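Engineer: dropping a prediction and its sequence here:
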Amino acid sequence: MKTVFEEPGEESRHEVPSLEEEMVLDHRSHIKCPFSVLFSVMLYCGEAASALYMFEVYRKNNDKFWMSFTIGFIIMGAILDQVTLMFFHKDLTKNKALLLFGHILLLGPIVRCLQTILNYHNVLKKLNQVKKESQVSIKRRKMMMEKEIVLSIHGVFMQCKAFKCMSIIQAFLGSIPQLTFQLYITLSTREWLLERALLMTFSLMSVTYGAIHCIILAIQIKHDNNDIELHPIEFICITIWRCLEITSRVVTLVLFTTSLKMKSMPFLFITFSIPLLAPWLEFWMNGAHLPSNIQKKFNPVGTVLMLFVITLLYASINFSCWSAVKLQLSSEEIIDKTQKWGHRTLHYSIRLLENVIMILVFRFLGGKSILNCCDSLIVMQLIITYLLSIGFMLLFYQYLYPGWSGKTLSENMENEPEPM
């Protein structure tokens with residue numbers, strides 16, 4: 001959706017400015033169905049259903065180890081999704097028994113998706129009623145309808161924004177561990193089950209979708225949350241880049257882990273700890289001042305806990321692919337808007353070096369025992385695939401980066417439109 005407005009504060013929720021009413025009505029032709037919510041719920045349901053089926057397969061085969069981790073990853077991801085949606089909408093402070101019951105049953109995304117579709121339908125219905133209103137209609141009634149339209153659009157917009165955050169958290173705290181684990185099982189058992197392939201497909205789609213949202217959100221942050229709409233060629237370039245990057249990284253991690261088993265854990269722990277501890281090290285070097293905008297909402301302990309959760313998500317993203325932003329815990333906005341090339345270059349240089357080290361370990365220590373094919377060819381393919389992902393990244397930022405986004409908006413507008 002091109003034109004939606006940020007949710008007003010509680011004190012001004014029932015006093016919608018006339019400027020917003022006019023802009024919503026002027027842009028009613030641009031209101032589109034929130035497909036991002038539908039796609040997020042499809043990935044959530046598909047991954048959960050395929051994981052439950054694989055859980056049943058492992059249970060029948062008495063594979064308790066595979067069974068436990070498979071159901072554990074899907075439950076962990078589902079719980080994080082529920083917490084994200086409830087925290088985003090602050091439902092714990094409101095009397096919404098039906099939504100809370102849906103979240104308890106881990107069906108929160110489905111319930112909220114239905115709620116979003118109903119809100120969208122109400123928006124279209126009310127807009128049609130306004131269009132049919134004659135010029136002699138009662139002015140007060142028309143103003144009330146316009147306010148209802150604005151509030152409905154706020155609801156749809158906030159749902160879409162919450163589902164974007166949910167997609168990122170589900171991708172990197174639920175789907176990426178599931179994808180890595182199922183590929184590890186496949187290489188360990190050398191059994192290529194169709195059901196497992198389906199679960200891995202949904203997990204890969206979820207991770208790629210979350211990585212694409214990271215890029216879009218980074219562009220929005222750089223342009224002060226202005227309207228961002230990617231052209232098809234830009235979206236295709238990002239999709240190919242992220243898919244190649246994630247696939248090569250996951251396959252490399254699995255081959256390395258399969259080769260060394262438990263001996264690979266120290267190297268992986270160090271690799272994960274670097275992006276986890278680096279923001280905190282910079283935080284202490286800058287004087288260890290907590291962001292004031294977060295301190296207003298939480299007490300000091302809650303602020304530190306919130307920053308730790310953000311850092312954990314940041315490290316999980318960077319462990320699999322580039323997060324597209326740099327975390328600055330001492331900054332008021334937490335994220336560095338400059339997005340310099342130096343940070344990007346450093347990330348891909350370190351990840352390329354790590355991938356080469358893990359691939360060489362696989363080549364010389366476990367290649368022939370794991371795969372019944374030419375391990376040298378696999379090594380070359382993984383390195384080339386990662387280099388291709390870097391090439392598509394350079395192509396996007398050099399020639400396809402949407403630097404023109406948001407220029408058509410008025411700079412003195414207090415409530416700038418947001419993309420759906």
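Structural biologist: Done, it's in.
Engineer: state the distance from the nearest residue to F362 once chain neighbours are set aside to R249.
Structural biologist: Take F362 and drop its neighbours on the chain: the residue closest to it by Cβ to Cβ, 6 or more residues apart in numbering is L255, 4.3 Å away. C-beta: built from backbone N, CA, C; applies to glycine. For L255, the distance to R249 equals 11 Å [Cβ to Cβ, to the nearest Å].
Engineer: equivalent analysis for M262, please.
Structural biologist: Distance, M262 to R249, by Cβ to Cβ: 21 Å.
Engineer: do the same with E56
Structural biologist: For E56, the distance to R249 - Cβ to Cβ - is 30 Å.
Engineer: tell me how far the residue nearest the centre of the chain lies from Y53.
Structural biologist: The centroid of the chain falls nearest to I168 when counting by Cα atoms, centre = their mean (1.8 Å). From I168 across to Y53, the span is 25 Å (Cβ to Cβ).
Engineer: rewinding a little: of E56 and R249, give the one with the bigger neighbour count.
Structural biologist: The neighbour count for E56 versus R249, taken as other Cβ atoms under 10 Å, is higher for R249 (24 against 14).
Engineer: could you check the pLDDT of the residue lying closest to K337 once chain neighbours are set aside?
Structural biologist: Excluding its sequence neighbours, the residue lying closest to K337 (Cβ to Cβ, 6+ apart) is K222, at 5.6 Å. Predicted confidence (pLDDT) for K222: 81.
Engineer: next one, pLDDT for L352 please.
Structural biologist: 94.
Engineer: list the residues that contact the residue lying closest to it once chain neighbours are set aside.
Structural biologist: Closest residue to L352 apart from its sequence neighbours, by Cβ to Cβ, 6+ apart: Y386 at 6.4 Å. Contacts for Y386 (Cβ atoms under 8 Å, 6 or more residues apart in numbering) come out as 244-245, 248-249, 252, 351-352, 355.
Engineer: buried ones in whatever helix or strand R112 lives in?
Structural biologist: For R112, the enclosing helix or strand under DSSP states H and E is helix 108-132. When neighbours are counted by 16 or more other Cβ atoms under 10 Å, the buried residues of helix 108-132 are found to be 108-109, 111-113, 115-117, 119-120, 122-123, 126-127, 130.
Engineer: same deal with stretch 384-403?
Structural biologist: 385-386, 389-390, 392-393, 396, 400.
Engineer: what helix or strand is the residue nearest to L352 located in?
Structural biologist: helix 375-395.
Engineer: so how far is that helix from its chain's centroid?
Structural biologist: 24 Å (Cα atoms, centre = their mean, to the nearest Å).
Engineer: got the CA positions of that helix in CSV?
Structural biologist: What follows is helix 375-395, C-alpha atoms only, in CSV (Å, rounded to 0.1, in the frame of the first residue of the first chain):
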residue,chain,number,x,y,z
ASP,A,375,34.0,-33.0,-3.2
SER,A,376,36.4,-30.6,-5.1
LEU,A,377,33.5,-29.6,-7.4
ILE,A,378,31.2,-28.9,-4.4
VAL,A,379,34.0,-26.8,-2.9
MET,A,380,34.2,-24.7,-6.0
GLN,A,381,30.5,-24.4,-6.4
LEU,A,382,30.0,-23.1,-2.9
ILE,A,383,32.8,-20.5,-3.2
ILE,A,384,31.4,-19.4,-6.6
THR,A,385,27.9,-19.2,-5.3
TYR,A,386,28.9,-16.9,-2.4
LEU,A,387,30.9,-14.7,-4.8
LEU,A,388,27.9,-14.5,-7.1
SER,A,389,25.8,-13.3,-4.1
ILE,A,390,28.4,-10.6,-3.5
GLY,A,391,28.2,-9.7,-7.2
PHE,A,392,24.4,-9.3,-7.0
MET,A,393,24.8,-7.2,-3.8
LEU,A,394,27.2,-4.9,-5.6
LEU,A,395,24.8,-4.7,-8.6
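Engineer: thank you, goodbye.
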